[in-house]
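Peer 1: only geometry, no sequence info:
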């Protein structure tokens, strides 16, 4: 296993309300986040023992269910949680699935989902501001996100309004330690050693 001094040993990829509202989005918005999950699945050097996918949208999203089946096939662990699960519920699910004690010392949270300016940042008990508030290294990975809720005549305007909302909530919660990434290579994942 290879990890730098700043990388956490364990990674939770938390997908919040991942399906979103596809009738309100265009093809790009509706497909990009699923494609980004496939980047995890096809990256051969990511340590599968140190990463778990968690989603609160099992029955609502057949596309995500298929990706989770693919993830299990290549050695990742996946779990579904209740739509209104708390951070404690998520930690208990991971303890049962992986045997991990989820602590800020050795666990990072990578979040994606819908809506970026709402549930991803702060509207749920599992949102980013709550993880960073407990001291977890928290990253919102933008290619795993979509914004349907904000006003706008197209996906660009909705995204602008979503970014403004995220910034406002980061300020309101003094959550300036939340990282925003837009490239897969920016994620601080644990890798297998090359032989």
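Peer 2: Looks like it came in fine. Fair warning: this is a prediction, and the values are worked out from it, not measured in the lab. Numbering: from 1, shown residues only.
Peer 1: going by C-alpha atoms from here, please, whenever you check contacts or count neighbours.
Peer 2: Noted.
Peer 1: middle-most residue in this protein, spatially?
Peer 2: By CA atoms, centre = their mean, the chain has its centre lying nearest to residue 111, at 2.3 Å.
Peer 1: show me the shaky parts of this protein.
Peer 2: 1-6, 58-59, 193-195 (pLDDT under 70).
Peer 1: the strands in it, which residues?
Peer 2: 10-16, 51-55, 77-80, 107-114, 137-146, 179-181 (DSSP state E).
Peer 1: got TSV for the ones you listed, with distance to residue 188 too?
Peer 2: Output for these, formatted as TSV (distance: least, CA to CA, whole Å):
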stretch	distance to residue 188
strand 10-16	9
strand 51-55	11
strand 77-80	18
strand 107-114	9
strand 137-146	9
strand 179-181	10
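Peer 1: to residue 36, which of the ones you listed lies closest?
Peer 2: With CA to CA, the closest approach to residue 36 among these belongs to strand 137-146: 6.3 Å.
Peer 1: can you give me the angle the closest one makes with strand 10-16?
Peer 2: 40 degrees (axes from the mean of the first three to the mean of the last three CA atoms, to 10 degrees).
Peer 1: ok so, going back, surely the residue nearest to the centre of the chain touches residue 14?
Peer 2: Yes: because the distance of 4.8 Å satisfies CA atoms under 8 Å, residue 111 is recorded as touching residue 14.
Peer 1: and the closest residue to residue 16 other than its chain neighbours, what does it touch?
Peer 2: Closest residue to residue 16 apart from its sequence neighbours, by CA to CA, 6 or more residues apart in numbering: residue 113 at 4.6 Å. The contact partners of residue 113, by CA atoms under 8 Å, 6 or more residues apart in numbering, come to 15-20, 33, 119-120, 144-146.
Peer 1: which one of those is nearest residue 158?
Peer 2: The nearest one, if we look at those relative to residue 158 and count by CA to CA, is residue 146, at 9.1 Å.
Peer 1: for that closest one, give the beta-bridge partners.
Peer 2: Counting by DSSP bridges, residue 146 is bridged to residue 114.
Peer 1: what's the neighbour count on it?
Peer 2: If you count neighbours by other CA atoms under 10 Å, residue 146 ends up with 30.
Peer 1: what residues are up against it?
Peer 2: 20, 29-30, 33, 113-116, 159 are the contacts of residue 146 under CA under 8 Å, 6+ apart.
Peer 1: neighbour-wise, give me the winner out of those.
Peer 2: When neighbours are counted by other CA under 10 Å, residue 116 leads the contacts of residue 146 with 30 neighbours.
Peer 1: residues contacting the nearest residue to that one once chain neighbours are set aside?
Peer 2: Distance criterion CA to CA, 6+ apart; nearest residue to residue 116, sequence neighbours excluded, is residue 147 at 5.3 Å. The contact partners of residue 147, taken as CA under 8 Å, 6+ apart, are 114-117, 155, 158-159, 162.
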